[in-house]
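**Student:** Provided below are the primary sequence and the corresponding predicted coordinates.
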Amino acid sequence: MIAARNALPRSRPKTNGIARPQLTSLVDMMVILLVFLLKSFSVEGQLVTPSPDLHLPESAATTPVESALSLEVTTGGIVLDGRHVADLPTASTDSLLIAPLASALRDLGPGGEGQALSIQCDRRVDFAVLKRVLFTCDRTGHDDLSLLVIREDA
Amino acid sequence: MSARQASILSRRPTALGDSVEIDVTPIMNMFIILIPFLVSMAVFTHLATHTFSLPAEDGPSQARTADEVPLTVAVTSSAVAVVWGDVEVARFVVAADGSFDTVALETVLAAERTRRPEVDQVVVAVDDGVICADVVRCLDHCKAAGYRDVGLAAGANLGSSQDPEVTP
């Protein structure tokens, strides 16, 4: 009986020759994607985009990022507003002032002095380097400083 | 059963094999417009900032009394110490992997904050050799203890002396 039933030609829905792809799985995927993207949606967007080779430290800080001049301190050098200005100072250097960075900060022009600086310091950078960067910023009139970090709870 | 109900029932599919297909084209169109927009506005790395102050150049006219001296958290690669003026309140040994008793540090800081509520300032004095991630971690602990004005200074020297040497 079963064999006889299997032998019968199966009826197919009439499609009038039009191929209709099965979209159920695609809709499922889209719904999952939509929920994930809605969760990570930000109205403000991202004000700062750290360099890919920069590993920022993690922190419990929750202070939102504000628009400021970017100063990157990576293991490869010091980058001010996207422009490489100096290599990392060696620990044996006597002076705390990093001359090329000081020059670049002074060359920011009118309105540049006292501008807020957002320091993006790599988590592996020695404080001896960060100390010199902070000293140089302070000496050139930039005392509104903040460290950019990755939020741990995010 | 009324004639109207009988008419409605007669239009129902009688066999289970009859499939009802929903037209998903409009919802797919909506997805195709919505998803690129959401991808462009999505933030995958949540950033924040740590604000701190640098030590001021205190002249003779700005000398502080003993009660106004801020709490100092001295950080070296081998130890973390909480110092108040000339008195070392607590010291935590840093392990080889850079870890130390962070819970105890926060407890000590919170206790000092409660003991002297009028002092809202703490200075994190860091020695050379300490990496940036550990500095940020100490700033976190100070803010978690309730200190709002957190300063960053250099020159913690816990090796030869019990007192940190804070260089403005």
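**Tutor:** That came through fine.

**Student:** and the single nearest residue of chain B relative to chain A, how many neighbours does it have?
**Tutor:** Each residue of chain B has a distance to chain A, by CB to the nearest CB, and the smallest belongs to B:His46, at 3.1 Å. (Glycine included, C-beta is placed from N, CA and C.) Number of residues near B:His46 (other CB atoms under 10 Å in any protein chain shown) recorded here: 17.

**Student:** Could you double-check that it lies in contact with A:Arg151?
**Tutor:** Yes: distance between B:His46 and A:Arg151: 4.3 Å, which falls inside the contact criterion (CB atoms under 8 Å).

**Student:** Do you know the pLDDT at the residue of chain B closest to chain A?
**Tutor:** Listed pLDDT for B:His46 reads 82.

**Student:** Next, it: phi, psi?
**Tutor:** Here is the backbone geometry of B:His46 (degrees, to the nearest 10): phi -90, psi 120.

**Student:** How about B:Ala48?
**Tutor:** Summarising the backbone geometry of B:Ala48 under the convention degrees, to the nearest 10, its torsions are phi -150, psi 170.

**Student:** Show me the strands in chain B, by range?
**Tutor:** Assigned by DSSP state E, the strands in chain B fall at B:47-51, B:71-75, B:79-84, B:87-93, B:121-126, B:149-154.

**Student:** do chain A as well
**Tutor:** Listed in chain order, the strands of chain A (DSSP E) span residues A:58-59, A:69-73, A:78-80, A:83-86, A:117-121, A:145-151.

**Student:** for chain B, which helix is longest?
**Tutor:** In chain B, with assignment by DSSP state H, the single longest helix is helix B:25-41.

**Student:** which residues in chain A form helices?
**Tutor:** Using DSSP H, the helices found in chain A span residues A:2-7, A:24-39, A:99-106, A:127-139.

**Student:** In TSV: those helices, plus distance to B:Ala90, mean neighbour count and mean pLDDT.
**Tutor:** Below are the helices of chain A laid out as TSV (distance: least, CB to CB, whole Å; neighbours: other CB atoms under 10 Å in any protein chain shown; pLDDT from 0 to 100):
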stretch	distance to B:Ala90	mean neighbour count	mean pLDDT
helix A:2-7	81	7	52
helix A:24-39	41	12	90
helix A:99-106	37	17	88
helix A:127-139	21	21	89
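
**Student:** Make a markdown table from these and add distance to chain B to it.
**Tutor:** As requested, the helices of chain A are exported to a markdown table (distance: least, CB to the nearest CB, whole Å):
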| stretch | distance to chain B |
| --- | --- |
| helix A:2-7 | 14 |
| helix A:24-39 | 4 |
| helix A:99-106 | 15 |
| helix A:127-139 | 4 |
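
**Student:** Save the ones you listed as TSV, and put in distance to A:Thr74 too.
**Tutor:** Below are these laid out as TSV (distance: least, CB to CB, whole Å):
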stretch	distance to A:Thr74
helix A:2-7	69
helix A:24-39	30
helix A:99-106	13
helix A:127-139	10
